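**Q** predicted structure and sequence below. I'll ask about it afterward.
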Amino acid sequence: MFKSVITYCKESYDELVHKVTWPTRKELTSSAVMVLTASIIIALIVFAMDSVFEQFMKLVYSLFN
């Protein structure tokens, strides 16, 4: 049992070091900028929808009061 755990750890290390393709700094930076941009756009869309809904609800409440 202990031997299989050691074998698993060695094989995992070997795969991470020799078989995995890690992104370059340029690729990583590009991906991070894309994620940040998408996050900001989505946040602005949600903010706009919330503002419109808030104004709509104020209108509805003012009609019934």
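**A** Alright, I've got the coordinates.
**Q** okay, now S12: neighbour count?
**A** S12: 10 surrounding residues under other C-beta atoms under 10 Å. In short, each C-beta sits where N, CA and C put it, glycine included.
**Q** backbone phi and psi for T24, please?
**A** Torsion angles at T24 (phi, psi; degrees, to the nearest 10) stand at phi -80, psi 170.
**Q** which ones are touching it?
**A** With C-beta atoms under 8 Å, 6 or more residues apart in numbering as the criterion, no residue contacts T24.
**Q** now do it against T37, distance only.
**A** Going from T24 to T37 by C-beta to C-beta, to the nearest Å gives 20 Å.
**Q** likewise I6?
**A** Distance of I6 to T37, computed by C-beta to C-beta: 45 Å.
**Q** scan the protein for its longest helix.
**A** helix 25-64 (DSSP state H).
**Q** tell me which other helices or strands that helix touches.
**A** Helices and strands touching helix 25-64, as assessed by 3 or more C-beta pairs under 8 Å, 6 or more residues apart in numbering; DSSP states H and E, are absent.
**Q** which pLDDT value does the model give the residue positioned nearest the centre of the chain?
**A** In the chain, the residue lying closest to the centroid (C-alpha atoms, centre = their mean) is V35, at 6.8 Å. Each residue has a pLDDT score; the one for V35 is 98.
**Q** next one, pLDDT for the most far-flung residue of the chain relative to its centre please.
**A** No residue in the chain sits farther from the centre than N65, which is 42.9 Å out by C-alpha atoms, centre = their mean. Reported pLDDT at N65 in the predicted model: 79.
**Q** how close does it get to L59?
**A** 11 Å.
**Q** where does P23 fall, helix, sheet strand or coil?
**A** Assigned by DSSP: H, G, I helix; E, B strand; the rest coil, the conformation of P23 is coil.
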